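Got a predicted model here, sequence first, then my questions.
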Amino acid sequence: MALSVEAADLAAGGRQGEARVAAGVEGPVLAQGGLARSGLARSLARSLAMAVLGLVLLVVLSLLSLVLGARPVAVSTVVDALFAYDGGLVDHIVIVDYRLPRTLLALMCGAAFGVSGALIQAATRNPLADPGILGVNAGAAFFVTLAVGLFGFHSIDAYLWFAFLGAILVTLAVYALGAAGRDGATPVRLVLAGVALSAVLGGIGSAITLLDPQAFDSMRVWSIGSVAGRSMEVVETVAPFIGLGLVLALVAARPLNAVALGEDLARSLGADILRARMLTLVAVTLLAGAGTAACGPIGFVGLMVPHVVRWLVGPDQRRIIPLTMIWAPALLLAADIAGRLVLFPGELEAGIVTAFLGAPVLILLARRKTASGL
């Protein structure tokens with residue numbers, strides 16, 4: 001007897017191992033189905049609690065981001081600046097022209113980095129993967145190096161499009177290399193192609209920056225990763241790409257659940273593996289490319305948040321991706337706020353703060369015998 005769609009959902013939605021169904025054996029299927037439903041109920045309750053808590057935390061952090069900084073302001077001043085802006089008041093200028101774009105960019109890019117990490121981990125079935133393994137960061141960094149070293153662009157607004165173009169082109173090149181051959185674009189071949197191309201582009205980019213001190217200074221600032229100093233034009237430029245990428249990620253959630261069962265079982269359930277991977281690749285390119293172009297290569301957000309969410313709610317991508325959309329921006333926003341306070345009245349870039357947070361987490365994950373299952 002063939003596996004039903006309901007059985008596949010149970011296998012994807014419950015804790016790993018709870019919903020393994022065997023074709024042709026009705027007793028074990030029913031027993032395991034009961035266990036899976038119980039696990040799904042707990043997972044759903046936990047997911048709702050995490051969503052509500054995360055949304056409340058996002059509101060609080062967004063308000064703190066508008067209030068705190070080298071020039072602290074009152075909450076009432078923030079409300080006045082947002083709803084009754086007066087260009088003659090310094091506090092209003094600080095809030096609307098500097099802190100509001102910074103806050104919005106942290107929210108958008110946090111979601112972009114987190115969801116792209118969740119997609120990569122699901123598509124490659126590697127819980128320690130992040131968008132960098134597909135060459136997104138390397139492509140963006142290389143094209144920014146070209147923009148600065150060869151064309152003389154030195155502002156974020158000027159080389160934003162170069163970074164985004166580089167992320168797209170290099171990701172396409174990685175897919176072309178990974179798809180060459182009889183077996184097509186398997187996860188392992190994509191990862192190997194991404195690592196190889198990243199190494200090559202990194203070496204060429206380093207040579208260019210060493211030959212041009214001005215390019216080195218600009219690259220050093222961009223490569224740290226920060227949401228500070230970005231204008232509302234940057235926010236408006238990347239918002240459509242990130243929005244489209246998030247929509248595609250939600251669409252890809254269900255097919256990725258089938259992919260997680262293994263290619264043979266997924267095909268027996270009628271899943272289109274190639275379509276799922278292509279959809280994932282497009283979403284990752286849009287999300288990680290736009291986020292990296294706007295903020296620089298901020299690391300560990302795409303690694304930590306999906307992994308923690310998966311550990312709490314199980315391997316169902318229909319829960320992991322929406323919750324990551326909430327908690328990843330909360331992490332990046334919290335890192336940005338912490339960076340403003342730790343060296344007050346100076347600042348520490350968000351990319352440095354996330355590295356301090358993420359490095360111990362990565363070490364702990366590497367030392368564990370088993371990572372959160374996919």
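Ah, there it is. Here the structure is a predicted model, which means the values were calculated and not measured.

tell me the centre residue of the chain?
Geometric centre of the chain, nearest residue: F113, 1.9 Å, by CA atoms, centre = their mean.

Look up how far A239 lies from it.
The gap separating F113 from A239 is 15 Å, by CB to CB, to the nearest Å. To be clear about C-beta, it is placed using only N, CA and C from the backbone, and glycine gets the same treatment.

Can you tell me the SS state at M325?
Classification of M325 into helix, strand or coil gives helix, according to DSSP: H, G, I helix; E, B strand; the rest coil.

Could you identify the helix or strand that succeeds the helix or strand harbouring V60?
Taking DSSP states H and E as the criterion, V60 maps to helix 26-67. Elements were assigned by DSSP H and E; along the chain past helix 26-67, the next helix or strand is helix 75-83.

What are the buried residues along that next one?
Within helix 75-83, the residues that qualify as buried by neighbour count (16 or more other CB atoms under 10 Å) are T77, V78, D80, A81.

closest to D336 among those residues?
Checking those against D336 with CB to CB, the nearest one is V78 at 16.4 Å.

excluding its backbone neighbours, what's nearest that closest one?
Counting by CB to CB, 6 or more residues apart in numbering, L66 is the residue found nearest to V78 once chain neighbours are left out, at 4.7 Å.

show me what contacts the one you found?
Neighbouring residues of L66 by CB atoms under 8 Å, 6 or more residues apart in numbering: V73, V78, I95, R99, L100, T103.

Are any of those residues buried, and if so which?
Buried positions within these, assessed by neighbour count (16+ other CB under 10 Å), are V73, V78, I95, R99, L100, T103.

quick one: least confident of the residues you listed?
Checked by pLDDT, these have V73 as the lowest-scoring entry (88).

was I right about Y85 contacting D97?
No - applying CB atoms under 8 Å, one finds Y85 not in contact with D97, separated by 9.9 Å.

and A173, what helix or strand is that in?
Element membership for A173 (DSSP H and E) is helix 156-179.

what's the average pLDDT for that helix?
For helix 156-179, the per-residue pLDDT values average out at 81.

And it, what does it pack against?
Counting contacts by 3 or more CB pairs under 8 Å, 6 or more residues apart in numbering; DSSP states H and E, helix 156-179 is packed against helix 136-149, helix 187-211, helix 232-260, helix 273-295.

chain center to that helix: distance?
16 Å (CA atoms, centre = their mean, to the nearest Å).

That one vs helix 273-295, what angle?
Here helix 156-179 points in a direction 160 degrees away from that of helix 273-295 (axes from the mean of the first three to the mean of the last three CA atoms, to 10 degrees).

Pull out the buried residues from helix 156-179.
When burial is assessed from 16+ other CB under 10 Å, helix 156-179 yields the following buried residues: 156, 159-160, 162-171, 173-175, 177-179.

Between helix 136-149 and it, find me the angle.
Angle, helix 156-179 to helix 136-149, by the same axes, to 10 degrees: 140 degrees.

can I get the CA coordinates of stretch 173-180 in CSV?
Listed next in CSV are the C-alpha coordinates belonging to stretch 173-180 (Å, rounded to 0.1, in the frame of the first residue of the first chain):
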residue,chain,number,x,y,z
ALA,A,173,27.7,30.0,-11.4
VAL,A,174,27.7,27.7,-8.4
TYR,A,175,24.5,26.1,-9.6
ALA,A,176,25.9,25.7,-13.1
LEU,A,177,29.1,24.0,-11.8
GLY,A,178,27.1,21.8,-9.4
ALA,A,179,24.6,20.8,-12.0
ALA,A,180,27.3,19.8,-14.6
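
Can you name the residues in contact with that stretch?
With contacts defined as CB under 8 Å, 6+ apart, stretch 173-180 is touched by L134, G135, A185, T186, R189, L190, L192, A193, G194, A196, L197, L281.

what's the answer for stretch 211-222, then?
Contacts with stretch 211-222, where a contact means CB under 8 Å, 6+ apart, come from 141, 144-145, 148-149, 154, 156, 159, 205, 208-210, 296.

Next up, the contacts around I95.
L66, V73, T77, V78, A81, L82.

what's the residue lying closest to I208 once chain neighbours are set aside in contact with, if anything?
What sits nearest to I208 in space, not counting adjacent residues and going by CB to CB, 6+ apart, is G149, at 4.6 Å. The neighbourhood of G149, defined by CB under 8 Å, 6+ apart, consists of I208, T209, L211, D212, A215.
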